[in-house]
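Novice: Let me see the structure of the following:
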Amino acid sequence: QLQASGGGLVQPGGSLRLSCATSGTIFSINAMGWYRQAPGKQRERVGCIAISSSDGRTSYADSVKGRFTISRDNAKNTVYLQMNSLKPEDTAVYYCGGMGGSCQGVPGYWGQGTLVTVSS
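Specialist: Next up, the predicted model:
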């Protein structure tokens, strides 16, 4: 019901845009987070966007602030993660997670993950 896509292989300094589309019978996602999990590491939150608010408020982890941008297209039920100036340490499987409450919560819905590899 959450479909993450857009991953791939990119060189350091490059860009990728990930998408997370909602479908099916999810009626109550009010916030969407992006998370990533690198090999041997715990899953960490990359950022989050408030879908239901008029301003689409966003928040980011310090490690990606200024490089990553989360946006939404409510008409398409899709949230995006624009990743610029990618570094090898950004290599991970990226997941989107939907929350019924705010970005302060924990996702109740997860996408399947999409692999991002940053390497020369």
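
Novice: Dig out what the residue nearest in space to the middle of the chain forms beta bridges with.
Specialist: Centroid check for the chain by CA atoms, centre = their mean gives Trp34 as the closest residue, at 2.7 Å. Counting by DSSP bridges, Trp34 forms beta bridges with Gly47, Cys96.

Novice: Tell me the confidence at it?
Specialist: On the pLDDT scale, Trp34 is placed at 97.

Novice: Distance of it relative to Ser120?
Specialist: The gap separating Trp34 from Ser120 is 24 Å, by CB to CB, to the nearest Å. Where you see a C-beta, it was placed from the backbone N, CA and C, and this is true even at glycine.

Novice: what do you get for Ala61?
Specialist: Distance, Ala61 to Ser120, using CB to CB: 24 Å.

Novice: same thing with Pro39?
Specialist: The gap separating Pro39 from Ser120 is 18 Å, by CB to CB.

Novice: just Arg17 next, same as before
Specialist: For Arg17, the distance to Ser120 - CB to CB - is 20 Å.

Novice: neighbour-wise, which of the two wins?
Specialist: For Arg17 and Ser120, the more surrounded residue by other CB atoms under 10 Å is Arg17, and the numbers stand at 13 against 8.

Novice: Where does that one fall, secondary structure wise?
Specialist: strand 16-22 (DSSP states H and E).

Novice: same check, this time on Ala4
Specialist: Using DSSP H and E, Ala4 falls in strand 2-5.
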